[in-house]
Every structure is written in C-alpha cells, then in structure tokens.
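>>> Show me how the following folds:
(2 chains)
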Amino acid sequence: GAVVSQHPSWVICKSGTSVKIECRSLDFQATTMFWYRQFPKQSLMLMATSNEGSKATYEQGVEKDKFLINHASLTLSTLTVTSAHPEDSSFYICSARGQGGLGYTFGSGTRLTVV
Amino acid sequence: DAKTTQPPSMDCAEGRAANLPCNHSTISGNEYVYWYRQIHSQGPQYIIHGLKNNETNEMASLIITEDRKSSTLILPHATLRDTAVYYCIVRPVSGGSNYKLTFGKGTLLTVNP
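Okay, here's the model as predicted:
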C-alpha cells in the first residue's frame, strides 16, 4: 500500500532556530500534501494544503511566513518552522494524496519540542 | 466544522467486538463516510470507508444506516493494540485531490485485558 515517510520523528530545538520536517511518498506520486498540527489531547488541525509546484494554501490563523511549505516534487514536501518558539511545540503530521486517488496516507508524525 | 458526532470514549474487553457509533445527520448523498484511527503519538491510520452499502475488510466492518445519518464501525475481536482514538469523517465523493479531511474529536477506545 501507499507509504509516506516522515522525518525526523522527533526533534528538540532552541528557541529562535528553524526546523525542517520532511515527508516523502515512497511508492506513489503525491500531487497534494496536507500538513496538520496536533496539540496534546486535541485533534488534528489542518495548517495548509500544497500542490506540487504551487504555493501552499494556508488555513485561517496559520502564519505562512512562519510555517514555510515546499512541495517542489511529486514525492517530497517539507515544512519549515522558522524562528521557533515554545508555543510551536507540537506534533506535526503530513498527509499525501495521489492524483485521482481516494485515499489519504499519513506520515508517522514529528514531535517538535522548542526549549 | 467536523460534521460528525462521536462519543468521547468507550471501553471494550479484549476479544470482544467493539462497536463505535458515529452520527452524521447532515450527510449528503454524495459524501463518503471514512474511518481512521490514531494510536498514541503516531499518524492516523486508514481503516475503512463507505458510501451507502455496508463494507468489510480485514480490519473492520462498517455498517451504515439506510438513511445514512449514522454509522457504526465494528472491530470484531478487539485486541489491546486496538486501543486508539477513532475518527469518523465525511467527505464528498467528487471533492477533488485538494479536498481536505477535517478531524473531529473522535472516540478514545480503550481495550481492557
């Protein structure tokens, strides 16, 4: 079945630094990638949707200059948290869809802790 | 707006069937019902989906009422590894590749020994 590899699985960074999270579709072409954030004991909240080769569409309240999304190829999308602060500490999850596919395949998530 | 309502938590004994309900009273005729689950600190895992008919796969069965306003996910023989948050989600059949899944609060299923 479809597999999405997400790295790193966890990362600790200092306040003010930037962190990049990668998601790769291993056996299909991900025409659309979704990025979610999940705080403890809460549900997944969509941050942005990106299509290969296009600018991402951000959900209301998500700062596009803080959460940079790149989807330059059909198998790779990245989320960069710039100038991270402790309140950005969260579980970040990507999800990918192939063209014409019904399914949404999720990555295993990245636990970000900003100290 | 998640468009679905689920109980916040349920318990089930190991080896017994787990029946997880979902209310989607505003569902339209061209919307699927999807079920995902999320084991602690992992990404969501697809379980099953359906439109009108009941569906079964190696993981679970999905029973959709005739009026399609509610559904039940059945795990026939729950194991401890089935302890997770289960999400019921509706989405249009013709939503296109950009259609985003909106997650509600889900049901925390705890399988007890």
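
>>> And the strands in chain B?
Ranges of strands in chain B, per DSSP state E, are B:9-13, B:18-23, B:31-38, B:45-50, B:55-56, B:61-64, B:70-75, B:84-92, B:107-112.

>>> can you check chain A too?
Applying DSSP E to chain A gives strands spanning A:4-7, A:10-13, A:19-25, A:30-38, A:45-51, A:57-58, A:67-73, A:76-81, A:90-98, A:105-106, A:110-114.

>>> excluding its backbone neighbours, what's nearest residue 39?
The chain I'm using is chain A. Nearest residue to residue A:39, sequence neighbours excluded (CB to CB, 6 or more residues apart in numbering or on different chains): residue A:90, at 5.5 Å. To be clear about C-beta, it is placed using only N, CA and C from the backbone, and glycine gets the same treatment.

>>> wrong chain, I was asking about chain B
Using CB to CB, 6+ apart, the nearest residue to residue B:39 is residue B:84, at 4.5 Å.

>>> same check, this time on residue A:62
Leaving aside its sequence neighbours, residue A:62 sits nearest to residue A:47 (CB to CB, 6+ apart; 4.9 Å).

>>> Ok, residue A:66 next?
Closest residue to residue A:66 apart from its sequence neighbours, by CB to CB, 6+ apart: residue A:82 at 5.5 Å.

>>> I figured the residue nearest to residue B:39 was touching residue B:111, is that so?
No. Residue B:84 is not in contact with residue B:111 according to CB atoms under 8 Å; the separation is 9.0 Å.

>>> Low-confidence stretches in chain A?
Counting by pLDDT under 70, chain A has low-confidence residues at A:100-102.

>>> for residue A:65, what are its contacts?
residue A:82 (CB atoms under 8 Å, 6 or more residues apart in numbering or on different chains).
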